[in-house]
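J.: what's the 3D shape of this:
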Amino acid sequence: MSSKYNPYEEVLEVLDRAAKMLGLEENDYVQLKYPEREMKVSIPVEMDDGSIKVFEGYRVQHSSVRGPYKGGIRYHQNVDMDEVKALAAWMSFKCAVVDIPYGGGKGGVTVDATKLSIKELERLTRKYASLLYPIVGPEIDIPAPDVNTNAQVMGWFMDTYSTLRGHLSPGVVTGKPIPIGGSLGRGEATGRGVMLMTREICKKLHLPLKGAKVAVQGAGNVGGTAAKLLYREGCKVVALSDVSGGIYLEEGLNVEEIMDFLTAQRGRLLKDYDAPGLTRISNEELLLQDVDILIPAALENQITEEIAPRIKAKIIVEGANGPTTVGGDKILEDNGIVVVPDILANSGGVTVSYFEWVQNLQSFRWEEEEINERLENIMTKAFDEVWSAAEKTATTLRMGAYMVAVDRIVTASKMRGIS
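T.: Next up, the predicted model:
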């Protein structure tokens, strides 16, 4: 086993397996092994004390075969080029599996965003946006929020791009605040998609959703929303965690109360929350709980070869990108644990981002009910296609999803005549 986890090498390994199962020659898909563009920038930022700090930023554009590059921007201290390359590739496959006309891209800045003031965060974002200006745009590359970025960050990015462009360009990013072109339903979209995919896999496996025991790693936009929506569906969410650790309650957590507590004030974490009967657990302990459904919705590289043999959940629904390593995935398969893969399970965000982009380009707005209905239709259709592909070839849902995605990208490439 490699001493250092490299997410891009993992992407390539899964890609090769899917292509082989499709009967493809390497010439058919070799371009997918290489991002079309990799950009690294230095971002000088004036801090509140007057000092200047320089942060490293990235933008990787993986594939534009099926449309403009699409993918989030994350602010995290562990961001590096290999991670951003992997995330960009996953976006290409994610957009293809739900069949929306985008390619894949991703961006990131190596920074601990929790240590920045609001003004420092704004200055960082605006400088980063200005450095990316030549390679982004509504018809080129459309960023969105990701880890430690949000609607406000997208608002700053859009404003900077618009100022440089000389006119308002809301379509340059998605996940913006509603008053400046954001879409209704976008904030909850990724978590809602995780809930929908949990519902669909439970139907297939004849596991009642109501009363199902659930553990969710991650209490942010994805994990917190998924936990809240599953709680409303009648699931018993017994464990929840964030960067500060986790909490466990056998009879089920009051997820509505917890999410209200966390969102009431910037910087609040689960370590600050308390209720009668709570047990404090680590993020690793959360993954090992005896539950029906486990939702890793934090960062990649969580379910490793060391963790996978101890997983007790019957079903894993991947809310995060790349939470399961290739080695861990093989162990889960051998142990009969069903995994709904990230490129399907967390595609709700990019799907509603697509809706937002369409609304921006055509200057109109759908109501939230219609957004949610369209999201459900697209994701349930994608789930059925992935299930059928996996069933036909007697393989996992992950390989089924990659087969669907790779086939669509390769077919589009051949039709365009791209060699």
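
J.: name the residues that touch stretch 190-201?
T.: 185, 209, 214, 221-230, 233, 293, 295, 297, 315, 317, 319, 338, 340, 344-349, 351, 372, 375-376, 379-380, 383 (CB atoms under 8 Å, 6 or more residues apart in numbering). Where C-beta positions appear, they are placed from N, C-alpha and C, glycine not excepted.

J.: show me the contacts for residue 372.
T.: With CB under 8 Å, 6+ apart, residue 372 has these contacts: 185, 192.

J.: residue 77 now?
T.: Contact analysis of residue 77 by CB under 8 Å, 6+ apart lists 110, 111, 112.

J.: most neighbours, which of those residues?
T.: Tallying neighbours with other CB atoms under 10 Å puts residue 111 at the head of these, with 24 neighbours.

J.: what's the pLDDT at the closest residue to residue 319 other than its chain neighbours?
T.: Closest residue to residue 319 in three dimensions, ignoring its sequence neighbours and counting by CB to CB, 6 or more residues apart in numbering: residue 297, at 2.9 Å. The model reports residue 297 with a pLDDT of 97.

J.: in this structure residue 297 contacts residue 230, no?
T.: No: counting by CB atoms under 8 Å, residue 297 stays clear of residue 230, with 11.3 Å between them.

J.: which neighbours do these two share?
T.: Counting by CB under 8 Å, 6+ apart, the residues touching both residue 297 and residue 230 are residue 216.

J.: neighbour-wise, which of those two wins?
T.: Between residue 297 and residue 230, counting by other CB under 10 Å, residue 297 is the more crowded of the two (32 against 25).

J.: what sits against the residue nearest to residue 391 when sequence neighbours are not counted?
T.: Closest residue to residue 391 apart from its sequence neighbours, by CB to CB, 6+ apart: residue 400 at 7.7 Å. Shown in contact with residue 400 (CB under 8 Å, 6+ apart): 386, 387, 388, 389, 390, 391, 393.

J.: 7 Å instead, please
T.: Residue 400 makes contacts with 386, 387, 389, 390, as judged by CB atoms under 7 Å, 6 or more residues apart in numbering.

J.: how about the longest strand along the chain as PDB, C-alpha atoms only?
T.: If you go by DSSP state E, the chain has its longest strand at strand 52-63. The C-alpha trace of strand 52-63 is given here as PDB (Å, rounded to 0.1, in the frame of the first residue of the first chain):
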ATOM      1  CA  ILE A  52       0.800  40.400   3.700                       C
ATOM      2  CA  LYS A  53       0.400  36.600   3.400                       C
ATOM      3  CA  VAL A  54       0.600  34.700   0.200                       C
ATOM      4  CA  PHE A  55      -1.700  31.700  -0.300                       C
ATOM      5  CA  GLU A  56      -1.500  29.000  -3.000                       C
ATOM      6  CA  GLY A  57      -4.600  28.600  -5.200                       C
ATOM      7  CA  TYR A  58      -5.500  26.100  -7.900                       C
ATOM      8  CA  ARG A  59      -8.000  25.600 -10.700                       C
ATOM      9  CA  VAL A  60      -8.100  22.300 -12.700                       C
ATOM     10  CA  GLN A  61     -10.200  21.900 -15.800                       C
ATOM     11  CA  HIS A  62     -10.500  18.200 -16.400                       C
ATOM     12  CA  SER A  63     -12.900  17.700 -19.400                       C
END
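
J.: what packs against it?
T.: With contacts defined as 3 or more CB pairs under 7 Å, 6 or more residues apart in numbering; DSSP states H and E, the packing partners of strand 52-63 are strand 37-46, helix 81-97, strand 103-110, helix 118-132.

J.: strands of the stretch 251-400 of the chain, start to end?
T.: Ranges of strands in the stretch 251-400 of the chain, per DSSP state E, counting those that start in this stretch, are 279-281, 293-296, 315-317, 338-340.

J.: hmm, back to that, tell me which two of the contacts of residue 400 sit farthest apart.
T.: The most widely separated members of those are 387 and 389, with 7.4 Å between them, by CB to CB.

J.: residue contacts, the nearest residue to residue 85 once chain neighbours are set aside?
T.: Counting by CB to CB, 6+ apart, residue 85 lies nearest to residue 8, which is 4.5 Å off, once chain neighbours are set aside. Contact analysis of residue 8 by CB under 7 Å, 6+ apart lists 82, 85, 86.

J.: in what helix or strand does residue 8 lie?
T.: For residue 8, the host element (DSSP states H and E) is helix 7-21.

J.: what residues sit buried inside that helix?
T.: 7, 8, 10, 11, 12, 14, 15, 17, 18, 19, 21 (16 or more other CB atoms under 10 Å).

J.: now render the residues you listed as TSV, adding distance to residue 325.
T.: Output for the buried residues of helix 7-21, formatted as TSV (distance: CB to CB, whole Å):
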residue	distance to residue 325
7	9
8	13
10	6
11	11
12	13
14	11
15	15
17	14
18	17
19	20
21	20
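
J.: this completes my enquiry, with thanks.
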